[in-house]
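[1] next one to model:
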Amino acid sequence: MSTIDPPTTERPCLDDGLDWSRFRDLMPVSRRWAYLDHAAVAPLSQPALEAMTRWAQDATANGDTIWAAWSAEVERTRSLAARMLHAPESEVALVLNTTAGVHLVAEGYPWRPGDNVVTLADEFPTNQYPWLNLADRGVQTRRLPTDAGRVDLDQLAGAMDDRTRIVSISWVGFSSGWRHDLAAVARLVHERGALLFVDAIQALGVFELDAEAVGVDFLAADGHKWMLGPEGAGVFFLRREHLARLRPLGVGWGSVAHAHDFSRIELTLKDTAARYEGGSPNTPGMIALGASLELLASYGAAALSRRVIALTDLACRRLEEMGATLFTRRKEGHKSGIVVFELPGGAPEAAAERCRRAGVALSCRGGRLRISPHAYNNVEDLDRLIDALRQT
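    Coordinates of the predicted model:
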């Protein structure tokens, strides 16, 4: 289903003059695995491991006597996340996961009976169930079919009407690898008077996004995939103009402007997205996420995305050469780090298990095999993949 124009050689598309071996050295998983499963749960980077270890040692030896230092590191993570989104820190909240971010919008928006949400039928459950859960409030969820992950903008427009309040879409489809043109979607959504929510978990960290310029209204992403953080540490973004629109959820001591004055009970909410951080954060997780974000920032999203696309282009060619059928559509501007394919003879679960025994990590999704290499992966990892698949 996909054709790719091959370059004259394999190496030039990967040899871009940057020292990717340094990145690889900071990913201990690469010493044992050809790890091609970042769209599932990514391994931690060495800086993330060291950050979590330092926190655990400090917490064991000193308790909360150095809490202020931990808090400063958490704020450093917020700053790095905001820089990644090209947004002010005041528009970024640190949340437990993507689901928590979706719920801030789904449960906080001022719905009225008869309103509707438009999303895609092949979205990950996280981007469907919170919207479907609004049915008892009279809110309809319209699930638009796609063509192997692709949505036609005319069809999207046709699914909307004057009661559509939010369109919720994944930047990259988890089961297709299709990367949507968020700017084009945002223009359409805003022209129709609605707001755009983006589940960014399958792209944020390796693809460039200026959330303000593109026109994203809300965004959420856990850090345990392309951002190389632990589970339970993610980011939520909302445009400042929407801060008063959403009813605050999870309100607690951390939500108010005088957060550390525990004897003063006055519901004066922070004038930033941090109002959604009601209780104590996942401090070690957030500190570890920050360490990985700093590593990614040292390369920059432009270089990371070029590397990831070059690796997946090469993987697609190698897979097609061995007779695999690509489900992922590889069109310029829509490529991602996800490649979904089928082998002759099927049995993807058995093939995945044999790959795992050969030291190659990948996933099965929707009855197909899925690989998702990161920028630290290399040609040797793809060689191991192809060798393992040929043995199946």
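[2] who's sitting farthest from the centroid in the protein?
    Going by CA atoms, centre = their mean, the residue of the chain most distant from its centre is residue 263, 38.8 Å out.
[3] give me the phi and psi for that one.
    In terms of degrees, to the nearest 10, the main-chain angles of residue 263 are phi -90, psi -10.
[4] next one: residue 18
    The phi/psi pair for residue 18 (degrees, to the nearest 10) is phi -90, psi 150.
[5] for it, give me its contacts.
    Taking CB atoms under 8 Å, 6 or more residues apart in numbering, we find residue 18 in contact with 299, 303, 307. Heads up, the C-betas are built off the backbone N, CA and C, glycines and all.
[6] using CSV, please lay out those together with neighbour count.
    Below are the contacts of residue 18 laid out as CSV (neighbours: other CB atoms under 10 Å):
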residue, neighbour count
299, 19
303, 17
307, 25
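[7] quick one, helices of the stretch 201-350 of the chain?
    With helices called from DSSP state H, counting those that start in this stretch, the stretch 201-350 of the chain shows them at 211-214, 283-297, 301-321, 348-357.
[8] next, the angle from the third one to helix 283-297.
    Going back to what we said before, that points to helix 301-321. Here the directions of helix 301-321 and helix 283-297 differ by 80 degrees (axes from the mean of the first three to the mean of the last three CA atoms, to 10 degrees).
[9] and helix 301-321, what does it pack against?
    strand 325-326, strand 339-342, helix 379-390 (3 or more CB pairs under 8 Å, 6 or more residues apart in numbering; DSSP states H and E).
[10] and with 6 Å instead?
    Secondary-structure packing of helix 301-321 (3 or more CB pairs under 6 Å, 6 or more residues apart in numbering; DSSP states H and E): strand 339-342.
[11] contacts for the strand it packs on?
    Outside strand 339-342, the residues that touch it by CB atoms under 6 Å, 6 or more residues apart in numbering are 177, 312, 315-316, 319, 324-328, 368-371.
[12] put the alpha carbons of it into PDB.
    Taking C-alpha atoms only, strand 339-342 is exported to PDB below (Å, rounded to 0.1, in the frame of the first residue of the first chain):
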ATOM      1  CA  VAL A 339       5.400   1.800  10.600                       C
ATOM      2  CA  VAL A 340       2.600  -0.800  10.600                       C
ATOM      3  CA  PHE A 341       2.900  -3.800   8.300                       C
ATOM      4  CA  GLU A 342       1.800  -7.300   7.600                       C
END
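[13] give the pairing partners of it; include direction for each.
    strand 325-326 (antiparallel), strand 368-371 (antiparallel) (DSSP bridges).
[14] and that strand, what's its mean pLDDT?
    Averaging pLDDT along strand 339-342 yields 97.
[15] nearest to residue 171, out of the strands paired with strand 339-342?
    strand 368-371 (16.6 Å; CB to CB).
[16] mean confidence score for the closest one?
    Per-residue scores along strand 368-371 average to 98.
[17] grab the CA positions of it and hand them over as PDB.
    What follows is strand 368-371, C-alpha atoms only, in PDB (Å, rounded to 0.1, in the frame of the first residue of the first chain):
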ATOM      1  CA  ARG A 368      -0.600  -6.100  12.300                       C
ATOM      2  CA  LEU A 369       3.000  -5.700  13.400                       C
ATOM      3  CA  ARG A 370       4.200  -2.200  14.400                       C
ATOM      4  CA  ILE A 371       7.700  -0.800  14.700                       C
END
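[18] residue numbering should commence at 220 henceforth.
    Taking 220 as the first residue, the last one we looked at is strand 587-590.
[19] hmm, who's touching that strand?
    By CB under 6 Å, 6+ apart, strand 587-590 touches 255, 546, 558-561, 567, 581-582.
[20] in TSV, list those along with neighbour count.
    As requested, the contacts of strand 587-590 are exported to TSV (neighbours: other CB under 10 Å):
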residue	neighbour count
255	27
546	23
558	27
559	28
560	23
561	18
567	21
581	26
582	20
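[21] any stretches of the stretch 470-611 of the chain with poor pLDDT?
    Judged by pLDDT under 70, the stretch 470-611 of the chain has its weakly predicted residues at 611.
[22] change it to 90
    564-566, 585, 610-611 (pLDDT under 90).
[23] coming back round to it: just send the contacts of strand 558-561 back as CSV, with distance to residue 364 too.
    CSV is the format used below for the contacts of strand 558-561 (distance: CB to CB, whole Å):
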residue, distance to residue 364
396, 17
531, 25
534, 28
535, 25
538, 26
543, 25
544, 21
545, 20
546, 16
547, 18
587, 18
588, 23
589, 20
590, 25
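[24] what subset of those is buried?
    396, 531, 534-535, 538, 543, 545-547, 587-590 (16 or more other CB atoms under 10 Å).
[25] turn these into TSV, including distance to residue 368.
    TSV is the format used below for those (distance: CB to CB, whole Å):
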residue	distance to residue 368
396	7
531	14
534	17
535	15
538	18
543	18
545	12
546	9
547	8
587	12
588	16
589	12
590	16
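[26] show me which pair in those residues is furthest apart.
    Longest span within the buried ones among the contacts of strand 558-561, CB to CB: 531 and 587, 15.2 Å.
[27] ok, back up a step: a markdown table for the contacts of residue 237, including distance to residue 340?
    Listed next are those as a markdown table, based on distance: CB to CB, whole Å:
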| residue | distance to residue 340 |
| --- | --- |
| 518 | 35 |
| 522 | 34 |
| 526 | 32 |
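[28] hmm, who's touching stretch 321-329?
    By CB under 6 Å, 6+ apart, stretch 321-329 touches 349-350, 416, 437, 439, 465-466, 468, 495.
[29] return the distance of it from the chain's centre.
    In terms of CA atoms, centre = their mean, to the nearest Å, the centre of stretch 321-329 is found 19 Å from the chain centre.
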